[in-house]
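Engineer: Turn this into a model:
(one chain, ligands or ions: 2)
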Amino acid sequence: MLDWLFPRRCLGCGALGGPWCSACDRRAHWLRAPLCAHCGLPSAKQAASCEACRVNHYRFTAARSLALYAAELRHALLAFKRQQNIALAQIFAAKLQLLYQQQAWQADLVLPVPLDAQREAQRGFNQAGLLAEALAEGLALPLPAGALWRKPGAKVQHRLTAAQRWQNLQGTFVADKQAILGTQVLLVDDIMTTGATAQATSLALLEAGAAQVYVLTVGRSLFQDHQTNLVR
Ligand SMILES: [Zn+2]
Ligand SMILES: [Zn+2]
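Structural biologist: Ligands and ions are numbered 1, 2, ... in the order given. From the prediction side, this is the model:
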């Protein structure tokens, strides 16, 4: 009945069927070596760090993303912010799990980049949370509730310039020392753009005593200062 009223469609291209079709999967720009070993950006040759790393002084141990945030993948991730699509979360989480297993990372726990409580209440879910839950289940790792949160009232990121984003996020996240001290954290988000969110979250986790912070995202924007439709 629900399928008849709302036929299931690919969130990337609108084709009838599952939430992420094989054509979109083939067309996506999956990120492959050579990459910056630290932040995971594509680079001309395998390197320990890149220009973005040097400019931004990323404090996470390493970051990797599945694919370029463009075209069908961008459509799918934008739709994913508006609809609580567990099936799509599971598809991308399975890919994130494979990506994790290709790294020499030993995470103790998985955490999503949090939304602020008011925004999450309005939306009803956190898309990064859906990904993190599915990934934690796949990796049989804990996802401790309440270990990391976002202070309410930060300005909406997409109205800000890149420099303002970094400023805006300083001190936005707080991590619980009791849950985090001495742990290797696998941080999960849907998109990494400038890395400002990953940086601010990592700083909070390191402040709380995390030993390592690894970052996984589905989409990765190559443009360090462009204005996307990032809705946070
Ligand atoms: Zn499609
Ligand atoms: Zn880099």
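Engineer: got the residues of this protein near ligand 2?
Structural biologist: Contact residues, the chain versus ligand 2 (C-beta under 5 Å from the ion): 36, 38-39, 50, 52-53. Placement of C-beta: from N, CA and C, glycine included.
Engineer: Out of the residues you listed, flag the one nearest to Ala76.
Structural biologist: Distances from Ala76 to the residues of the chain next to ligand 2, taken as C-beta to C-beta, are shortest for Cys39 (23.1 Å).
Engineer: That closest one and Ile86: what is the separation?
Structural biologist: Distance, Cys39 to Ile86, by C-beta to C-beta, to the nearest Å: 29 Å.
Engineer: Comparing the two, which residue is more hemmed in?
Structural biologist: For Cys39 versus Ile86, the count of surrounding residues by other C-beta atoms under 10 Å is larger for Cys39: 24 against 13.
Engineer: helix, strand or coil for the more buried one?
Structural biologist: Classification of Cys39 using DSSP: H, G, I helix; E, B strand; the rest coil returns coil.
Engineer: Quick check: the farthest pair among the residues of the chain next to ligand 2?
Structural biologist: Within the residues of the chain next to ligand 2, two members stand farthest from each other by C-beta to C-beta: His38 and Ala52, at 9.0 Å.
Engineer: For the most centrally placed residue in the chain, give its distance to ligand 2.
Structural biologist: With distances taken as C-alpha atoms, centre = their mean, the residue of the chain nearest its centroid is Asp189 (1.7 Å). Between Asp189 and ligand 2 the computed distance is 17 Å (C-beta to the ion, to the nearest Å).
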